[in-house]
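1. What follows is a predicted protein model with its sequence.
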Amino acid sequence: MDNDSLQLADLSVQLLKSKKATDILKMDLRELTDIADYFVICTAESDLHAEALCDAVTEGMEKAGYPAWHIEGDADQSWVLIDFVDVVVHIFQRDTRQFYALERLWGDAKIEEVSP
């Protein structure tokens, strides 16, 4: 199961990169909580960019056989959460990401910064 969730997290990272998401982080939560194995966090530069990122992730994951279990927020909001059960993708606009600071909240997680 851990390998599946890692592959799912890596696929979501690739899909985000394909639409030029910025500041992508992959957070390994497996030793900290049961709510998810990984968080993938990125920044969108605008409402339209957030929508494109959300579409890329949901459509790409569904094509790979991993439909989203739950989606909260939408492109005109500043935070979209896409839940794949073992992996949760967070798409933030910059100010909202700084305000909620999931990186600090989950500071004990193993964090991998993803290069563009």
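-> Looks like it came in fine. Residues are numbered from 1 along each chain as shown.

2. now the most centrally placed residue in the chain, which residues is it bridged with?
-> Centrality entry for the chain: nearest residue to the mean C-alpha point is V89, 2.2 Å, by CA atoms, centre = their mean. Per DSSP bridges, the residues bridged to V89 are V40, I82.

3. Can you give the distance of the worst-scoring helix or strand of the chain on mean pLDDT from its chain's centre?
-> Ranked by mean pLDDT, DSSP states H and E, the weakest helix or strand in the chain is helix 102-105, scoring a mean of 90. Mean-position distance between helix 102-105 and its chain equals 14 Å (CA atoms, centre = their mean, to the nearest Å).

4. Show me which positions of it end up buried.
-> L102, E103 (16 or more other CB atoms under 10 Å). Backbone N, C-alpha and C define where each C-beta goes, glycine included.

5. Please save the CA atoms from it in CSV.
-> Output of helix 102-105 as CSV, limited to C-alpha atoms (Å, rounded to 0.1, in the frame of the first residue of the first chain):
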residue,chain,number,x,y,z
LEU,A,102,0.5,23.5,6.2
GLU,A,103,4.3,23.1,6.0
ARG,A,104,4.7,24.5,9.5
LEU,A,105,1.6,22.7,10.8
